[in-house]
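Okay, predicted coordinates and the sequence, questions at the end:
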Amino acid sequence: MKAVTAAVMRELDAAAMAAGHSAEELMERAGVGAARELVEWCGRRLAPAHRRRWAVLAGKGNNGGDAYVVAGWLAEHTGLPVTVYAAVHPGALTGAAREHAGRLPPAVPVLVVDGGLPAAALEPGGVVVDGLLGTGLAGPVREPFATLIRQINAAGLPVAALDTPSGLDADRGEPLGVAVVADLTLAMGLPKAGCFSASGLRHTGALRVVEIGLPAAAVAAAPAELEVVTAADIAPLLGRRPRDGHKHLFGQVVVAGGCTAYGGAPLLAGAAALRAGAGLVTVAVPAAVRPWMHPRFQALMLRALPDAGSGSLAAGSELDELLAAAQAVVFGPGCGRAPETAAALAAALRTPHPVVVDADGLRLLAAHPGLLPRPAATVLTPHPGEMRALLHGFGLAGVADSARGAQAAALARQCGAVVVLKGAATVIATPDGGVRVNASGSSALATAGTGDVLAGLVGGLLAQGLEAGAAAAAAVFLHGLAAEEAPAERALVADELIDLLPAALQRLSPFA
């Protein structure tokens, strides 16, 4: 999906109206769609004690009009008290915004707050809906909006922003003096490019895109600031599985990794590959490690490989036999950096199967750049430190301080591999120059082992026949969406992330 500038979005709105949709109709779709997404998100993320009432802040222009539609829908459908806090008097609105403000149910109070929010607006248990300022803001935020934004940010309540967080430059993602820090942003029509800058990510929170009926031809012709991976992009990849399918049809994954210091990592990757739908998963580990490995999933097959007592993965005929039987290989989780493990990596990359290289496998690859490119598909999943090592190893040190997208694109071209550069707004780059940014996820993923889970997801999707770029994008989005399902963001551990994958799959596809 395209992420666009505010100017491009205005052109698309105009195209929709030229196609016969009125401004009132577009605003109705935006507000109702946003309200539905908000209620679903709150139901998943917030305990009842934290969603007892709605405080809807309405500004002027289309953003304010959207807020009135949201307020009316919430009042009608949730049974919770709704109050509109208006930065400008409803009578001062014009066009579609005035029309929808006039449709607000009489039972919903509207309080003009041009001097600041009353204490009642920000009491514990409330959810704040930010509809103060839209994408057309130019120049520093003025009063009373600056005061209202500061109050929102200081309140410690969940905040949902309509279209973009108020005060955030929709194109560059920089605060225009002061900007709302949202937990959820409901993008109307298409996401705005500024939400994906480093600063924009800190203000945007989770992102949902609300369909408003933009003409497909106009969207296809519109220029994109960047390409973003959203649910709409991934759902078609997760189609119906054949009724007579069997485990061999859905592929075998071999996860090769582990050492005496890191025995849990390959088990996490293997469990994730199973959850992704792979038919068979074998976790191959050094013999010295196998006795104290106890997988949660008994469906995982564990294979101890000869290691001459070193506790490190090594090349050999038994590894070659496993690799030959696989449809996809995940190499590296917990493997360490022993010299003999580099030979095992080389063996994996000699196979004709798709290979995911992760963790210390990436460090070994950086030290042996001659192993790539290769004829078969390869996916590399570095975090920023591993990325820097790869860039230096493959003679790309000159781009090590470039933007994340540029780094990933350069490495993908050099290696002939799909590169997944992990972090907030994970980047997926393909050898043909394609670069996309992931729209799902949260800081719940900032905990040990979640990278192993991601590598296993990629491997599981590859084994089922997805093309490497599609498998990487789908795994990254699913991984992030599962994290958004966590009932407590700061309490998530990687083992539990695996248990959240089925619900995330269900949200994406009716054929999960």
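Received the coordinates, thanks.

next one: phi and psi at residue 124?
Per-residue torsions, residue 124: phi -50, psi 140 (degrees, to the nearest 10).

could we number from 22 for the rest of this?
Okay, residue one is now 22; in that scheme the one you just asked about reads as residue 145.

Hmm, residue 178 and it touching each other?
Yes. If you go by C-beta atoms under 8 Å, residue 145 and residue 178 touch, sitting 7.4 Å apart. Glycine gets a C-beta too; all of them are placed from N, C-alpha and C.

who has more neighbours, these two?
Neighbour count, other C-beta atoms under 10 Å: between residue 145 and residue 178, residue 178 has more, with 18 against 10.

what's in contact with stretch 312-322?
Around stretch 312-322, the neighbours that count as contacts under C-beta atoms under 8 Å, 6 or more residues apart in numbering are 279, 284, 288, 291-292, 295, 301-304, 306, 323, 516.

got the CA positions of it in PDB?
Only the C-alpha atoms of stretch 312-322 are listed here, as PDB (Å, rounded to 0.1, in the frame of the first residue of the first chain):
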ATOM      1  CA  PRO A 312      20.100 -33.500  26.200                       C
ATOM      2  CA  TRP A 313      18.900 -30.300  27.900                       C
ATOM      3  CA  MET A 314      16.600 -29.100  25.200                       C
ATOM      4  CA  HIS A 315      12.900 -29.600  26.000                       C
ATOM      5  CA  PRO A 316      10.600 -28.100  23.400                       C
ATOM      6  CA  ARG A 317       7.200 -26.800  24.400                       C
ATOM      7  CA  PHE A 318       5.700 -28.300  21.200                       C
ATOM      8  CA  GLN A 319       6.100 -32.100  21.100                       C
ATOM      9  CA  ALA A 320       5.400 -31.900  17.300                       C
ATOM     10  CA  LEU A 321       8.900 -30.500  16.800                       C
ATOM     11  CA  MET A 322      11.400 -33.100  15.700                       C
END
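
Tell me the buried residues in it?
By neighbour count on 16 or more other C-beta atoms under 10 Å, the buried set for stretch 312-322 is 314, 316, 321.

How about stretch 500-511?
500-507.

any weak-confidence spans in the stretch 122-271 of the chain?
Counting by pLDDT under 70, the stretch 122-271 of the chain shows no low-confidence range.

ranges for the helices of it?
Applying DSSP state H, counting those that start in this stretch to the stretch 122-271 of the chain gives helices spanning 166-176, 219-225, 237-242, 252-255.

right, and those - which one's nearest residue 197?
helix 166-176 (9.7 Å; C-beta to C-beta).

Geometric centre of this structure: which residue is closest?
Centroid-nearest residue in the chain, with C-alpha atoms, centre = their mean: residue 461, separated by 1.7 Å.

how about that residue, what does it touch?
Counting by C-beta under 8 Å, 6+ apart, residue 461 has contacts 227-228, 250-252, 497-502, 504-505.

could the helices of the stretch 122-271 of the chain be laid out in JSON lines, adding distance to residue 141 and mean neighbour count?
Converted to JSON lines, the helices of the stretch 122-271 of the chain look like this (distance: least, C-beta to C-beta, whole Å; neighbours: other C-beta atoms under 10 Å):
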{"stretch": "helix 166-176", "distance to residue 141": "12", "mean neighbour count": "20"}
{"stretch": "helix 219-225", "distance to residue 141": "26", "mean neighbour count": "20"}
{"stretch": "helix 237-242", "distance to residue 141": "42", "mean neighbour count": "12"}
{"stretch": "helix 252-255", "distance to residue 141": "36", "mean neighbour count": "17"}
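
Residue 54 - nearest residue in space that isn't next to it in sequence?
Among residues not flanking residue 54 along the chain, residue 231 sits closest, at 3.7 Å (C-beta to C-beta, 6 or more residues apart in numbering).

now the end-to-end length of stretch 449-459.
End-to-end distance for stretch 449-459, by C-alpha to C-alpha, to the nearest Å: 8 Å.

follow-up on the earlier one: next up, phi/psi of the residue nearest to the centre of the chain, please.
According to degrees, to the nearest 10, residue 461 has phi -100, psi 170.

Would you mind measuring from it to residue 525?
For residue 461, the distance to residue 525 equals 9 Å [C-beta to C-beta, to the nearest Å].

buried stuff in stretch 251-271?
Applying 16+ other C-beta under 10 Å to stretch 251-271 flags 251-252, 254-256, 258-259, 271 as buried.

correct me, but the residue nearest to residue 54 touches residue 209?
Yes. Applying C-beta under 8 Å, one finds residue 231 in contact with residue 209, separated by 5.3 Å.

what sits in contact with each of those two?
Counting by C-beta under 8 Å, 6+ apart, the common neighbours of residue 231 and residue 209 are 51, 54-55.

Tell me which residues touch residue 100, please.
Residue 100 touches nothing, counting by C-beta under 8 Å, 6+ apart.

thought residue 225 was touching residue 184?
No. Using C-beta under 8 Å, residue 225 is not in contact with residue 184, being 10.7 Å away.

can I see the domain layout of the chain?
23-245, 268-529 (automatic domain parsing).

Pull the distance from the first one to the chain's centre.
It refers to domain 23-245. 21 Å (C-alpha atoms, centre = their mean, to the nearest Å).

Would you work out how far apart the start and end of it are?
5 Å.

Ok, the last one next?
Across domain 268-529, the straight-line distance between its terminal residues is 23 Å, by C-alpha to C-alpha.

again with stretch 147-166
OK, stretch 147-166 end separation, C-alpha to C-alpha: 20 Å.

Write down the beta-bridge partners of residue 131, one by one.
In this entry, residue 131 is beta-bridged to residue 105, by DSSP bridges.

my guess is it meets residue 108, correct?
No. Counting by C-beta under 8 Å, residue 131 stays clear of residue 108, with 11.3 Å between them.

Please say which of those two ends up with more neighbours.
The neighbour comparison of residue 131 against residue 108 (other C-beta under 10 Å) goes to residue 108, with 23 against 18.

roughly how far apart are the closest residue to the residue nearest to the centre of the chain other than its chain neighbours and residue 65?
Among residues not flanking residue 461 along the chain, residue 501 sits closest, at 3.1 Å (C-beta to C-beta, 6+ apart). Distance, residue 501 to residue 65, using C-beta to C-beta: 14 Å.

Check which helix or strand the residue of the chain positioned farthest from its centre maps to.
The outermost residue of the chain relative to its centre, with distances by C-alpha atoms, centre = their mean, is residue 329 at 42.1 Å. If you go by DSSP states H and E, residue 329 is not part of any helix or strand.
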